[in-house]
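# Build me a model:
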Amino acid sequence: MTAIINGKIITPDAVVEGKKLLIHNDRIVGIVDGADVSHPPKNTVDAHGRYIMPGIIDVHSDNLEQYVQPRPTSQVDFEFALRICERNLLCAGITTMYHSIALFKDEFFGKSPLRTKENVQIIADLLASIHRRDHLIRHRCHLRVEIDNLEAFDITRDMIEQGKVHQISFMDHTPGQGQYKDLALYYETVSGHKGREVKEMNGIADVLKFHHKKRYLSFEQLTELTTRPQKRDTRRIPRR
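You can find the predicted model right below:
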């Protein structure tokens, strides 16, 4: 049993003081009066007036892209970027991060080193392997699949079977529906990203023609990806 004392404990209803938080086997087992001696702890941690709260689980963020490519003309080592990223996340109270990496087919929304099929698999391997070494937080892979990327089906299926995908979502950035029902807004958005395809087109009419000719992953393929069993790693994940 470990007790954390002299802290401001954040609960769902209030911030309480004068209490101590009891932890056993990495789980919170109770909040008791600071003077309570009925649960003698093996270890005691003095919070010195700091806030105490469960770690935050962030289920979606593509912020890792900013660490990998901090400037348009610069790219840093993926693991170095992840190490810097996790330090900043921990300072914000985030202890589990689902890093969003995307399998795009085109570059309408700009070019990123984390959106190529080769680098998507490299970063997924890194997220899976870093738990076998020192790390500060739990890293998870949120794979975003653009449904017009036919090549993504085999890539995603293999990654799921290898246990490298912890969350999956399907994206459809086709103009005229969803968040881009307003075609003018869509064209303004993609023009701002200065993607390669947009530069080669002459206005929204060319963009629509491009999209109308595309093929998409079938409903059956999307269903298979969401129901395919994933290899599970049952080993205990060591943390610092």
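# okay, and the helix or strand of the chain with the least pLDDT?
Comparing helices and strands within the chain by mean pLDDT, DSSP states H and E singles out helix 196-199 as the least confident, with a mean of 64.
# Tell me the helices and strands packed up against the helix or strand that it is followed by.
Once the chain leaves helix 196-199, the next helix or strand it forms, by DSSP states H and E, is helix 204-212. Taking 3 or more Cβ pairs under 8 Å, 6 or more residues apart in numbering; DSSP states H and E as contact, the helices and strands that helix 204-212 lies on are helix 183-193. (Each C-beta comes from the backbone N, C-alpha and C, glycine too.)
# buried set for the helix it packs on?
The neighbour-count criterion (16 or more other Cβ atoms under 10 Å) identifies 186-187, 189-191 as the buried residues of helix 183-193.
# again with stretch 133-140
Taking 16+ other Cβ under 10 Å as the basis for neighbour counts, the residues of stretch 133-140 that come out buried are 135-140.
# and that stretch, how far from the chain's centre?
In terms of Cα atoms, centre = their mean, to the nearest Å, the centre of stretch 133-140 is set 13 Å apart from its chain centre.
# where does this protein dip in pLDDT?
By pLDDT under 70, the low-scoring segments of the chain are 106-111, 192-200, 230-240.
# Quick check: can you list the domain ranges of it?
Following automatic domain parsing, the chain resolves into domains at 2-52, 56-174+214-227.
# Just the endpoints, please. Distance across the longest one?
Looking at domain 56-174+214-227, the gap from its leading to its trailing residue is 27 Å under the measure Cα to Cα, to the nearest Å.
# and what of the first one?
Using Cα to Cα, the span of domain 2-52 from its first residue to its last is 14 Å.
# show me where this protein has strands.
2-5, 8-10, 15-16, 19-24, 27-33, 43-46, 51-52, 56-61, 94-103, 138-146, 167-171 (DSSP state E).
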